[in-house]
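Asks: I need the structure of the sequence given here:
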Amino acid sequence: MNVVDSCGWLEYFANGPNATFFSDPLAATSELVVPTITIYEVFKRIVQQRDEGDALQAVAMMQQGRVADLSSTLALSAARHSLEHTLPMADSMILATARAYGATLWTQDADFEGVPGVRLRCEGFRRHGGITTILSGCASRTAQIDGVRQTMSATVGVIRVWWRLSKPVGWPIQPASVVRSARTGVAFAGMKARLRAHVLPSWVWTGGSGG
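Replies: Sure thing, here's the model as predicted:
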């Protein structure tokens with residue numbers, strides 16, 4: 001039995017670099033198990049990038065396999081796999097379904113690296129670009145997490161600088177006091193200029209909403 005991850009389906013539909021890797025398990029529909037979460041992810045992504053007609057055609061092809069609904073038993077198993085392998089919710093649900101059916105999981109998502117029972121192919125996996133490139137694979141959750149960590153690190157850096165600049169006027173920081181302090185005000189203005197150029201978007205400093 002085989003289970004193909006959402007990114008594998010998208011890669012196949014887009015005829016991406018790894019499409020042939022997924023063609024054999026997808027062709028053997030009698031041995032193919034399709035978790036409902038993969039139908040959700042594939043349908044949503046194709047609607048975003050193409051239109052609903054193309055998305056429905058993709059779903060019709062996916063339903064040629066054996067569609068596996070998420071039961072309470074699978075949900076509990078997914079939670080355990082998530083904790084054991086540090087997987088996001090969707091990944092853990094797909095893995096739990098594969099384990100429940102004794103199936104091999106086929107994917108190009110690096111989050112599954114080292115997980116038993118997984119066939120992983122990441123060569124040629126493109127994470128950014130136009131419509132075809134986006135459809136050719138789901139962006140790695142690891143990459144998303146790394147981005148969040150970088151943003152948090154930058155934010156912590158801002159707080160540390162602000163803390164040092166606040167010392168001449170005491171804590172907690174009183175904005176009016178910072179403005180009245182010529183030395184601190186000049187230093188803070190310089191810090192804002194550097195952050196505008198290297199760390200944070202301009203709307204952070206202008207009070208906008210980021211639109």
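Asks: which residues in the chain form strands?
Replies: Assigned by DSSP state E, the strands in the chain fall at 2-4, 32-35, 66-68, 104-107, 118-120.
Asks: For the fourth one, give me every contacting residue.
Replies: The one in question is strand 104-107. Around strand 104-107, the neighbours that count as contacts under CB atoms under 8 Å, 6 or more residues apart in numbering are 1-5, 7-8, 21-22, 25, 94-95, 98, 112, 115, 117-121. In short, each C-beta sits where N, CA and C put it, glycine included.
Asks: For stretch 27-41, measure first residue to last.
Replies: With CA to CA, to the nearest Å as the measure, stretch 27-41 spans 20 Å from end to end.
Asks: What lies in contact with that stretch?
Replies: Against stretch 27-41 from outside (CB under 8 Å, 6+ apart): 1-6, 9, 25-26, 59, 62-70, 90, 93-94, 97-98, 101, 103, 138.
Asks: Buried only: go through those for me.
Replies: For the contacts of stretch 27-41, a burial check counting by 16 or more other CB atoms under 10 Å picks out 1-6, 9, 25-26, 59, 62, 65, 68, 90, 93-94, 97-98, 101, 103, 138.
Asks: Can you convert the strands of the chain into JSON lines and add a column each for distance to E52?
Replies: Below are these laid out as JSON lines (distance: least, CB to CB, whole Å):
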{"stretch": "strand 2-4", "distance to E52": "22"}
{"stretch": "strand 32-35", "distance to E52": "19"}
{"stretch": "strand 66-68", "distance to E52": "19"}
{"stretch": "strand 104-107", "distance to E52": "26"}
{"stretch": "strand 118-120", "distance to E52": "31"}
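Asks: got the ones you listed as CSV, with mean pLDDT and distance to I46 columns?
Replies: Formatted as CSV, these follow (pLDDT from 0 to 100; distance: least, CB to CB, whole Å):
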stretch, mean pLDDT, distance to I46
strand 2-4, 98, 15
strand 32-35, 98, 15
strand 66-68, 98, 17
strand 104-107, 98, 18
strand 118-120, 96, 23
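Asks: before we move on, the earlier item: counting only helices, which of the buried ones among the contacts of stretch 27-41 make the cut?
Replies: S6, W9, P25, L26, V59, M62, A90, M93, I94, T97, A98 (DSSP state H).
Asks: so the fifth one touches K44, yeah?
Replies: If I follow you right, that is V59. No - contact between V59 and K44 fails when scored by CB atoms under 8 Å: they sit 10.7 Å apart.
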